[in-house]
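Give me a 3D structure for the following:
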Amino acid sequence: MHAEGGTRSLAELAANAFSDYRDGRPEAMSELVDSTTSLLWHTARAQGLSAAQAEDVVQNTWLSLVQHASGITDPRGVLKWLLTTTRREAWAVSKKSRREDVREDIGDAMPEVPTTGDEPADAVVRSQEQGLLWRHFKDLPERCQQLLRVIALAERPDYVQVADALGMPVGSIGPTRGRCLAKLKLALLGDPGWATS
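Predicted coordinates for the structure are as follows:
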């Protein structure tokens, strides 16, 4: 792998690993997978997929990368290629899933029994709150959704890496994050279902 000088951004790490992979070092693909799979999984989940669907989308994205590796001319673009491919694959799966859901007979669906040991009323309230939160989250602009998901992935987010991964200036990460959270808070406070939960 290329020499490390201080901390490297996710985009830089991905570019170096991909370049090494194409230069005949197959183990570099593992480094690329390890460093970016979590981000890809959250990108797929942001499109409304279940955890299992997101895993399938990420696997398909990796397969597609191996199949199209020679078509990516600049290794610095591999992270963006992975994110775009994940998003497109997730959209396709989501669209197919919605069509299948419409065909299901709603009358045959059995409600899930909470397995957490909580009182049923508590589980219902928590489920409603989470549903409202995610509904309003999905109403945010895509850039806000991506930024908040990437920041939520890290215990202490590195704004340089976040900026590289999302193609944003480093100085705009904090203010943009604040505006996105303010929009989400305003939407939640304006929802009568949130105020009562």
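
phi, psi of residue 35?
Dihedral angles of residue 35 (phi, psi; degrees, to the nearest 10) stand at phi -80, psi -20.

Could you measure from the residue nearest to residue 13 when sequence neighbours are not counted over to residue 21?
Here the nearest residue to residue 13 in space, its sequence neighbours aside, is residue 35; by C-beta to C-beta, 6 or more residues apart in numbering that works out to 5.2 Å. Backbone N, C-alpha and C define where each C-beta goes, glycine included. For residue 35, the distance to residue 21 equals 12 Å [C-beta to C-beta, to the nearest Å].

which one of these two has more residues nearby?
Ranked by neighbour count (other C-beta atoms under 10 Å), residue 35 and residue 21 place residue 21 first, with 21 against 16.

The more buried one: what's it in contact with?
28-29, 32, 69 (C-beta atoms under 8 Å, 6 or more residues apart in numbering).

and it, what element?
Taking DSSP states H and E as the definition, one finds residue 21 inside helix 10-22.

list the buried ones in that helix?
10-21 (16 or more other C-beta atoms under 10 Å).

Need the mean per-residue confidence for that helix.
Averaging pLDDT along helix 10-22 yields 91.

how far is it from where the chain is centred?
20 Å (C-alpha atoms, centre = their mean, to the nearest Å).

What of stretch 64-83?
Centroid displacement of stretch 64-83 relative to its chain, using C-alpha atoms, centre = their mean, is 18 Å.
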